[in-house]
Structure formats: C-alpha cells, structure tokens
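>>> Here is my input; please provide its structure:
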Amino acid sequence: MRIPPGAKPGSRIRVKDKGRPSPFSQARRDLYLTIELLPHPFFRFQGDDIVSEIPIRPDEAVLGS
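Take a look at the predicted model:
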C-alpha cells in the first residue's frame, strides 16, 4: 500500500474494501489506518519539514564538505 505524501502522525488513511466483511451483506468494508511514527535519533519534524542538525566546522561551511 502507498502512504500519501504529507501523511503526518495521527493522519488516517482509508483502504477501500480491505476491512472486515459486513455481517449483513458480506461485502467488505473499508479499512482505516492511523499513521504512527516512532522518534528517530537523527531526524525530527518541524512543521511540514523533516530537519536534522549537523555540526560542521567553519572551513567546511565555507569550502564545502
């Protein structure tokens, strides 16, 4: 299954016709998934962006690294 771009923790995704069968008609219902992200030691969310702080020396900043 594909996770749509912009999905954030707490977002719900609907998967059509992949849930339990209805007890009345035996037709499959929709399955709802809730996005949960575990904390990462290097990356974090800042609004809609994923950020990471990397310490660099001044010469690396000027000359590139």
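>>> any idea of the mean pLDDT in stretch 2-9?
Mean pLDDT, stretch 2-9: 82.
>>> Stretch 23-32 too?
84.
>>> List of residues touching that stretch?
In this structure, residues lying in contact with stretch 23-32 by Cβ atoms under 8 Å, 6 or more residues apart in numbering are 12-22. Heads up, the C-betas are built off the backbone N, CA and C, glycines and all.
>>> which one of these sits closest to Ile3?
The shortest gap between Ile3 and any of the contacts of stretch 23-32 belongs to Ile13, at 6.9 Å (Cβ to Cβ).
>>> Identify the residues contacting that closest one.
Counting by Cβ under 8 Å, 6+ apart, Ile13 makes contact with 1, 3-4, 7, 32-35.
>>> is it fair to say it lies in a helix?
No: using DSSP: H, G, I helix; E, B strand; the rest coil, the assignment for Ile13 is strand, not a helix.
>>> and the residue lying farthest from the centre of the chain, what element?
Centroid-distance maximum for the chain: Asp59 at 35.7 Å, with Cα atoms, centre = their mean. For Asp59, the element it lies in under DSSP states H and E is helix 58-63.
>>> That helix: how far from the chain's middle?
From the chain centre to the centre of helix 58-63 is a distance of 34 Å (Cα atoms, centre = their mean, to the nearest Å).
>>> Which strands or helices does that helix pack on?
For helix 58-63, there is no helix or strand it packs on, judged by 3 or more Cβ pairs under 8 Å, 6 or more residues apart in numbering; DSSP states H and E.
>>> Could I have the CA atoms of it written out in CSV?
Extracted in CSV, the C-alpha atoms of helix 58-63 (Å, rounded to 0.1, in the frame of the first residue of the first chain):
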residue,chain,number,x,y,z
PRO,A,58,33.7,27.0,9.7
ASP,A,59,36.1,25.8,7.0
GLU,A,60,33.6,23.1,5.9
ALA,A,61,30.9,25.7,5.7
VAL,A,62,33.0,28.0,3.5
LEU,A,63,34.7,25.4,1.3
